[in-house]
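Trainee: please work out how this folds:
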Amino acid sequence: MVHTSKDRADEPLAVRREIDEGHQPAASPSSGETSDLSSKFNHEEVVLILRAPESSGGYQVYSLVEGSTSDDSKPFSLSVTHIPHLPDRSPFLDLLTGNDIRPLYLQPPHQAHVVVSTGSGLRHAQAFYDDVLRPLLSAIGLGSTDYQTTFTQDRNTLPNFARQLGTDTHAGDKTILLLSGDGGIVDLLNVASYGFHASLVWESDTPAYRKHGAKRFGMAASQLLHEAHGYDATVEVRRKGDGEGGFVPLLPPGGGSNCENGKGMFTYVLITLVSNLERTFAISPASKPLDGRLRMVYFGEVGGEKTMEIMGQRIRGAHVGMREVGYEEVEEVKVTVEEEDARWRKVCVDGSIVELEKGVDEGGEGGEGEGEGFSWGR
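Mentor: Numbering: from 1, shown residues only. The predicted structure is shown next:
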């Protein structure tokens, strides 16, 4: 039971919860006992350190333990321990907040919005919000009326939320705290690719490569670069101002083989709302968090050597300036795959692989001789 009564509002919510459940807050250890905090706390479990009120002095250490609660009924336990001081060389100093205890992304003009996917995975998101996130937000001065919350009701809640966010002119000022599994991330980001990237994600995850551990990505990439397959596809885009039905064919930069009637051989087609797929993978350097702008990176059948050169430039985002690479903002992209071999009909959606069925277009209908495809839009 969590109380928010005013007579106890000066205490952190996490501490109040311990008292309400019949547990006393941990006693303040002596200076000698805290000379080495690493022996008292697991660094991986400490999530926040705050200066205690002047009346008591010292610091409050917030620790999160998974799967270890007093009554064995909750998957998470957040505890608060008071200590009199922090050693000068404590490994925990980087967790101590400054004068303003809210991080910049939770300060005005940013607006926090917590999204709780109640049905994800083991259905722990609601418990994590109640027992961990809400107390932590309260501890740094964010009460439940200072941010918005969305609890999923069914499978349409997150897609609907994503669509609303995409049309929100103030989306760039929002900080989204998402408690969800991979499915929720897919619904919100809908970072999609076809070609070399999708094939690499798929093939590196097959049993033949997984047995090689972390080396599997380089091994799969080397094989794909050696084969230098050109992906047979029709790519159409709808740009801003084109209207709902204004799709136009897109050809690889510089032309190339099979560039007739709006068709081309592609090596790479990626559509994204974010700048980085990984920390060092700056695929779309112009993208900003939640700016609502869909951007596309693509290049044609350039061969294995040139593909390796292009991908090597992605760390700094320099690839988008190469003449072989197309990079632009779009409203919607439609890709129709003409490949016979299922190996080359894989699409990657935020790490999840989808194999397109032969003879089925993006509307779910098709027949003999028709391609299969997908469409992606903002």
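
Trainee: what segments of the stretch 151-300 of the chain are helices?
Mentor: Taking DSSP state H, counting those that start in this stretch as the test, the helices found in the stretch 151-300 of the chain are 157-166, 182-189, 196-203, 207-210, 216-227.

Trainee: what is the shortest one packed up against?
Mentor: Contact analysis of helix 207-210 by 3 or more CB pairs under 8 Å, 6 or more residues apart in numbering; DSSP states H and E lists helix 216-227 as its packing neighbours. Glycine gets a C-beta too; all of them are placed from N, C-alpha and C.

Trainee: which strands or helices does the helix it packs on pack on?
Mentor: Identification of packing neighbours for helix 216-227 by 3+ CB pairs under 8 Å, 6+ apart yields helix 196-203, helix 207-210, helix 304-312.

Trainee: CA atoms of it as CSV?
Mentor: Extracted in CSV, the C-alpha atoms of helix 216-227 (Å, rounded to 0.1, in the frame of the first residue of the first chain):
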residue,chain,number,x,y,z
ARG,A,216,28.9,-14.5,-36.1
PHE,A,217,28.0,-10.9,-37.3
GLY,A,218,31.4,-10.4,-38.9
MET,A,219,31.2,-13.9,-40.4
ALA,A,220,27.7,-13.4,-41.8
ALA,A,221,28.7,-10.0,-43.2
SER,A,222,31.7,-11.4,-44.9
GLN,A,223,29.7,-14.0,-46.6
LEU,A,224,27.0,-11.5,-47.8
LEU,A,225,29.6,-9.1,-49.0
HIS,A,226,31.3,-11.9,-50.9
GLU,A,227,28.0,-12.9,-52.6
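
Trainee: mind listing residues that contact it?
Mentor: 196, 199-200, 203-205, 209-210, 212, 304-305, 307-308 (CB atoms under 8 Å, 6 or more residues apart in numbering).

Trainee: of all the helices of the stretch 151-300 of the chain, which lies closest to Val320?
Mentor: Smallest distance to Val320 across the helices of the stretch 151-300 of the chain (CB to CB): 14.9 Å, for helix 196-203.

Trainee: show me what that closest one is packed up against.
Mentor: Judged by 3+ CB pairs under 8 Å, 6+ apart, helix 196-203 is in contact with helix 216-227, strand 264-272, strand 346-349, strand 352-355.

Trainee: would you turn those into JSON lines with mean neighbour count and distance to Thr169?
Mentor: As requested, the helices and strands packed on helix 196-203 are arranged in JSON lines below (neighbours: other CB atoms under 10 Å; distance: least, CB to CB, whole Å):
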{"stretch": "helix 216-227", "mean neighbour count": "15", "distance to Thr169": "39"}
{"stretch": "strand 264-272", "mean neighbour count": "25", "distance to Thr169": "21"}
{"stretch": "strand 346-349", "mean neighbour count": "21", "distance to Thr169": "27"}
{"stretch": "strand 352-355", "mean neighbour count": "14", "distance to Thr169": "30"}
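
Trainee: sorry, back to before: flag whichever of the helices of the stretch 151-300 of the chain has the least confidence on average.
Mentor: With a mean of 65, helix 182-189 has the lowest mean pLDDT of those.

Trainee: nearest to Val337 among the helices of the stretch 151-300 of the chain would be which one?
Mentor: Set against Val337 and scored by CB to CB, the helices of the stretch 151-300 of the chain come closest in helix 196-203, at 10.6 Å.

Trainee: pull the CA atoms of that closest one into CSV?
Mentor: Coordinates of each C-alpha in helix 196-203 appear next as CSV, following Å, rounded to 0.1, in the frame of the first residue of the first chain:
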residue,chain,number,x,y,z
PHE,A,196,21.8,-6.2,-46.8
HIS,A,197,20.9,-5.0,-43.2
ALA,A,198,17.9,-7.3,-43.0
SER,A,199,19.8,-10.3,-44.4
LEU,A,200,22.7,-9.7,-41.9
VAL,A,201,20.3,-9.7,-38.9
TRP,A,202,18.6,-12.8,-40.2
GLU,A,203,21.6,-14.9,-41.2
